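Trainee: no sequence on this one, just coordinates:
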Ligand code: ZN
């Protein structure tokens, strides 16, 4: 039987091939450039039609989040449109931590990834489609170190300045699928939530804060290994031009409400993190965040508040992170939305787990919650 072939030289490709024997392969993750982070993978297998693949990714105890591998099933697609899950198992004692992926492709080709990829080509399609619509302004905020544009879409006529931004961590591709769902709501003239939101708000939307990390197949950093979500106190043109460009635009527009969209490797549910511990904390500002969280919790079965990150103690917030920086800098109601890579064990979807489709649906719920939050705000403040 012939050996399979494995390729990863394409947009967001990432894998090292150590050995191939028939339909079995020993693989490893490539680290983000100039950094030690490794977790994202994306590669193509050819020549395995009808045969069971056994793909072993080793040395995962040194990956960025070893807790991301237990109860995780790899994403797989044969047409690069529909992404399902391939049965996977993790053994921390095999080859310093090994994820074993098993799958029988129907056809000759199958693509595997940590989560359904969101390519830069699709990013440009998204920007082009939205920017062509009446009432949508496109702003080129700046240039990355690899020379790619940083795109922002602005729309709406209202007073409330809303910033939505995603993929500071490029391997968290569910964040840009979420953006696609959000833009669907805001640009569909038949969507009553979108129409009303555009009356109340001016939206500033950055669907991809880290094009270089995205194209390079990074988990967490830009072209030179900078974690952009630790740069918001003092961004620089040398290390983090992406954050500098976005924050400069925020300084020009102001920020009332901000959502930074992410994925969490280990926690298998969606949740929000706020800005507890900022020096300028006001109880009313905090309550405005908790009120949004309660509305979303009530509206979306895919969102919950039991699991999440520990809150910072008073005065201990890390102001290099965007949510804390924006809450402090603008007095904004700022938050970080986390979606899972794994599936929610309390509400599993065995074919796809957490998926692009579910990320887009959650975006709908987030915007509907934003509308309710605005509509009920005056009553809540009384
Ligand atoms: Zn993240």
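Mentor: All right, it came through fine. Keep in mind it's a predicted model, so treat the numbers as computed, not measured.
Trainee: show me where pLDDT drops low in the chain?
Mentor: The chain contains residues with pLDDT under 70 at 381-382.
Trainee: hmm, 50 instead?
Mentor: Regions of the chain meeting the criterion pLDDT under 50 are absent.
Trainee: How about the residues of it by the ion?
Mentor: Proximity of the chain to the ion is confined to 169, 172, 262 under the rule CB under 5 Å from the ion. In this view, the C-beta of every residue, glycine as well, is placed from N, C-alpha and C.
Trainee: which among those residues gets closest to residue 30?
Mentor: residue 169 (16.4 Å; CB to CB).
Trainee: you'd agree the closest one is up against residue 222?
Mentor: No: counting by CB atoms under 8 Å, residue 169 stays clear of residue 222, with 10.1 Å between them.
Trainee: shared neighbours of the two, anything?
Mentor: 210, 213, 228 (CB atoms under 8 Å, 6 or more residues apart in numbering).
Trainee: any chance of these in TSV, plus neighbour count?
Mentor: Shown next, in TSV, are the shared contacts of residue 169 and residue 222 (neighbours: other CB atoms under 10 Å):
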residue	neighbour count
210	31
213	33
228	24
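Trainee: Number of residues surrounding residue 257?
Mentor: Residue 257 has 23 neighbours, counted by other CB atoms under 10 Å.
Trainee: residues contacting it?
Mentor: For residue 257, the contacting residues are 160-163, 201, 332-334, 370, by CB under 8 Å, 6+ apart.
Trainee: which among those gets closest to the ion?
Mentor: Using CB to the ion, residue 334 is the member of the contacts of residue 257 that lies nearest the ion, at 14.9 Å.
Trainee: Check which helix or strand the closest one maps to.
Mentor: Per DSSP states H and E, residue 334 falls inside strand 333-340.
Trainee: Partner strands of that strand, with direction?
Mentor: Within its sheet, strand 333-340 is paired with strand 257-264 (parallel), strand 271-273 (antiparallel), according to DSSP bridges.
Trainee: Identify the bridge partners of whichever residue of the stretch 251-382 of the chain sits closest to the ion.
Mentor: Shortest the stretch 251-382 of the chain-to-the ion distance, computed as CB to the ion: residue-wise this is residue 262, at 3.4 Å. Note on residue 262: beta-bridge partners by DSSP bridges are residue 338.
Trainee: Repeat that for residue 100.
Mentor: Residues in beta-bridge contact with residue 100 (DSSP bridges): residue 56, residue 89.
Trainee: ok, it to the ion distance?
Mentor: Per CB to the ion, to the nearest Å, residue 100 is found 26 Å from the ion.
Trainee: and that residue, what is it in contact with?
Mentor: By CB under 8 Å, 6+ apart, residue 100 lies in contact with 54-56, 88-91.
Trainee: Among the residues you listed, which one sits closest to residue 21?
Mentor: residue 54 (9.7 Å).
Trainee: Quick check: that closest one vs residue 83, distance?
Mentor: As judged by CB to CB, to the nearest Å, residue 54 and residue 83 stand 20 Å apart.
Trainee: Between those two, which has more neighbouring residues?
Mentor: Using other CB under 10 Å, the more surrounded residue of residue 54 and residue 83 is residue 83, with 22 against 15.
Trainee: Could you pull up phi and psi at the more buried one?
Mentor: Phi and psi for residue 83, reported as degrees, to the nearest 10, are phi -110, psi 110.
Trainee: going forward can the numbers begin at 38, since that is how I track them
Mentor: Yes, from this point I'll number from 38; that puts the last item at residue 120.
Trainee: All the helices of the stretch 238-387 of the chain, residue numbers only.
Mentor: Using DSSP state H, counting those that start in this stretch, the helices of the stretch 238-387 of the chain run over 248-253, 278-290, 320-336, 359-367.
Trainee: Any chance of TSV for these, columns distance to residue 74?
Mentor: Formatted as TSV, the helices of the stretch 238-387 of the chain follow (distance: least, CB to CB, whole Å):
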stretch	distance to residue 74
helix 248-253	10
helix 278-290	16
helix 320-336	29
helix 359-367	18
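Trainee: Which of the ones you listed sits closest to residue 176?
Mentor: Closest among these, using CB to CB: helix 278-290, at 7.0 Å.
Trainee: Check which helices and strands that closest one sits against.
Mentor: Contacts defined by 3 or more CB pairs under 8 Å, 6 or more residues apart in numbering; DSSP states H and E place helix 278-290 against strand 173-180, strand 186-192, strand 197-203, strand 238-243, helix 359-367.
Trainee: so how far is residue 317 from the residue lying closest to residue 277 once chain neighbours are set aside?
Mentor: Nearest non-adjacent residue to residue 277, counting by CB to CB, 6 or more residues apart in numbering: residue 268, 3.9 Å away. Distance of residue 268 to residue 317, given as CB to CB: 20 Å.
Trainee: Please say which of these two ends up with more neighbours.
Mentor: Set residue 268 next to residue 317 and count neighbours by other CB under 10 Å: residue 268 wins out with 23 against 11.
Trainee: Isn't that one up against residue 276?
Mentor: Yes: contact criterion CB under 8 Å: residue 268 and residue 276 qualify, at 6.8 Å.
Trainee: what about the residue in the stretch 88-237 of the chain that the ion sits nearest to, neighbour count?
Mentor: For the stretch 88-237 of the chain and the ion, the shortest gap (CB to the ion) falls at residue 206, measuring 3.5 Å. Residue neighbour count, defined by other CB under 10 Å, stands at 29 for residue 206.
Trainee: Please name the residues that touch it.
Mentor: The neighbours of residue 206, taking CB under 8 Å, 6+ apart as the test, are 212, 247, 250, 256-257, 264-266, 299-300.
Trainee: rerun at 6 Å
Mentor: residue 257 (CB atoms under 6 Å, 6 or more residues apart in numbering).
Trainee: Just say helix, strand or coil for it.
Mentor: Three-state call for residue 206 (DSSP: H, G, I helix; E, B strand; the rest coil): coil.
Trainee: For it, what are phi and psi?
Mentor: phi -100, psi 110.
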